[in-house]
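**Q** below is the sequence, then the predicted model.
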Number of protein chains: 2
Amino acid sequence: MFLKLEQASAGSRFALSDVLSQIPWSPQGLVAAIALQHDSGEVLMLAWMNEAALIETLQTQRACYWSRSRNGLWRKGETSGNVQHVKEVRLDCDGDALLLLVDQVGSACHTGRRSCFYNVIDGDEVVVDGDPRKVSA
Amino acid sequence: MFLKLEQASAGSRFALSDVLSQIPWSPQGLVAAIALQHDSGEVLMLAWMNEAALIETLQTQRACYWSRSRNGLWRKGETSGNVQHVKEVRLDCDGDALLLLVDQVGSACHTGRRSCFYNVIDGDEVVVDGDPRKVSA
């Protein structure tokens, strides 16, 4: 299926159910999911989805991930209110990564920073970009 | 180490070697790496790095990944010329994902499309965004 998509011209359409059935889930049943703020383009976080999380995300238009630490569905913002309203979901060429265009309420990061990618490598040092704030993810 | 970074205020600096030694590599020795076009913000691809790939990327300022299919270092663009000049590398809050700001020469995707994320979920269909072109990654 992903080979067919590779060769398809712009605008070609395929049944979602056929595509989902061919996703090469990891041995743990997961794919990586990147969350991007839809208007600013800021990369907010990287998390993981299993099939149930992806289906729930598509149905509810709110990001739902798989928490590897808690070993369960993670409805982003369920306790903090920092939900992600999902505008668009994209799959990559080999189907093992997702890109979510979202509207992030509040912070994506559990440290209270807007994005999780605040550790910048600068020569032989790492510089922290942004102050922490007490919030739960 | 990542807990220290979480709590650090903006501008705090830490030794890169201390941070690298604490990266929670997967059982396969990998972390996910997102490549982003540095000026347009387009998400180009998601790939994987082991420690050697990350160190080579930092030293050469050209993206080098770990190919899980070929089981070896993957110097992006080595055969196609579609290299990625690396402008900045960021680590996320728990250290298991990297964000690379790159200048992509040509296409990131082996299908010849600029980005690998060309499969857009639209209701119960998947729409292909962009025509393929024959190139090797």
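**A** Done, it's in.
**Q** how far does the longest helix seen in chain A sit from its chain's centre?
**A** Scanning chain A for the helix with the most residues, using DSSP state H, yields helix A:51-60. Centroid separation between helix A:51-60 and its chain, computed with CA atoms, centre = their mean, to the nearest Å, is 12 Å.
**Q** roughly how far apart are the residue nearest to residue A:24 when sequence neighbours are not counted and residue A:40?
**A** Using CB to CB, 6 or more residues apart in numbering or on different chains and skipping the chain neighbours, the partner closest in space to residue A:24 is residue A:96 (5.2 Å). Any C-beta I mention is one placed from the backbone N, CA and C, and that applies to glycine too. Distance, residue A:96 to residue A:40, using CB to CB, to the nearest Å: 26 Å.
**Q** gap between the residue of chain A found nearest chain B and residue A:109?
**A** Going by CB to the nearest CB, chain B is nearest to residue A:41 of chain A, at 3.6 Å. Remark: distance between residue A:41 and residue A:109 (CB to CB) = 17 Å.
**Q** now the helices for chain A?
**A** For chain A, the helices defined by DSSP H occupy A:2-7, A:16-20, A:51-60.
**Q** could you see whether chain B lies near the longest one?
**A** Okay, so that is helix A:51-60. Yes: using CB under 8 Å from any CB of the partner chain, a contact is recorded between helix A:51-60 and chain B, made by residue A:58.
**Q** what's the burial count for the spatially closest residue to residue A:106 that is not a sequence neighbour?
**A** Closest residue in space to residue A:106, ignoring its immediate chain neighbours: residue A:82 at 4.0 Å, by CB to CB, 6+ apart. By the criterion of other CB atoms under 10 Å in any protein chain shown, residue A:82 has 19 neighbours.
**Q** repeat that for residue A:79.
**A** Quick note: residue A:79 (other CB under 10 Å) scores 10 neighbours.
**Q** and it, backbone torsions?
**A** phi -100, psi -30 (degrees, to the nearest 10).
**Q** which pLDDT does the model give it?
**A** The score at residue A:79 is 90. That number is its pLDDT.
**Q** what's stretch A:111-118 in contact with?
**A** For stretch A:111-118, the external contacting residues (CB atoms under 8 Å, 6 or more residues apart in numbering or on different chains) are A:42-46, A:104, A:107-109, A:128-135, B:6-7, B:90-94, B:97, B:99.
**Q** buried among the residues you listed? Need that as a selection in PyMOL.
**A** Per 16 or more other CB atoms under 10 Å in any protein chain shown, the buried members of the contacts of stretch A:111-118 correspond to this PyMOL selection:
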select buried, (chain A and resi 42+43+44+45+46+104+107+108+109+128+129+130+132+135) or (chain B and resi 6+90+91+92+93+94+97+99)
